[in-house]
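K.L.:
got a predicted structure plus its sequence, pasted below:
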Amino acid sequence: MSETDEATVGAPLPGPPPPAALRWVVMRARALEVARFLSVGAIAFVVDLGLFNLLRFGPGHVLEHKPITAKIISVAAATLVSWLGNRHWTFAEHATPQRGRELFVFALINVLCAAIPIGTLAFSHYTLDLVSQTADNVATVIGIAIGTVLRYVGYKRWVFTGHRP
């Protein structure tokens, strides 16, 4: 037996990783992607809430008597922050060269998913007649959770669909 033969005896054969190892790699990558997605969402939430309160109650009370206008501005800013974070960090490997299309579909998904907590609140409040503050908050949180899952799926399926070399 030559030295080369002796060195390769007992060494693992090159080839695809075993299925269990592959599943672990895929699950770990997905968990990291979800963690990045939730981190970006948390930052966008702070931008939304912070800008809304700054416009309404901050120095100068710029939009004190215009809560809807303040909310539209804060949601638009948060959507832009979310798109940038998701495009350049969460889904960076899947960003497409069509930035305008990405942003449009991203905003559309956000508008549709923003309606979900309103729907869960309306259903709880008007259909189930659960009118307490706790019931309203639980219905809203359930709606936000459903919307968050749908956003993630929508971003992966319709927004960030490219592959970088």
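P.N.:
Yep, that arrived. Computed from a predicted model, the values in this text were never measured in an experiment. Numbers count the residues shown, from 1 in each chain.
K.L.:
and the most centrally placed residue in the chain, what pLDDT?
P.N.:
The chain has F37 as the residue nearest its centroid, 4.4 Å off, counting by C-alpha atoms, centre = their mean. pLDDT recorded at F37 is 97.
K.L.:
so it touches G154, yeah?
P.N.:
No: counting by C-beta atoms under 8 Å, F37 does not reach G154; the two are 11.5 Å apart. In short, each C-beta sits where N, CA and C put it, glycine included.
K.L.:
who touches both of the two?
P.N.:
Here F37 and G154 have no joint contacts, going by C-beta atoms under 8 Å, 6 or more residues apart in numbering.
K.L.:
next, E64: secondary structure please.
P.N.:
Under DSSP: H, G, I helix; E, B strand; the rest coil, E64 falls in the coil class.
K.L.:
give me the number of residues near V26?
P.N.:
10 (other C-beta atoms under 10 Å).
K.L.:
can you report phi and psi for it?
P.N.:
Dihedral angles of V26 (phi, psi; degrees, to the nearest 10) stand at phi -60, psi -40.
K.L.:
how much space between it and Y155?
P.N.:
18 Å (C-beta to C-beta, to the nearest Å).
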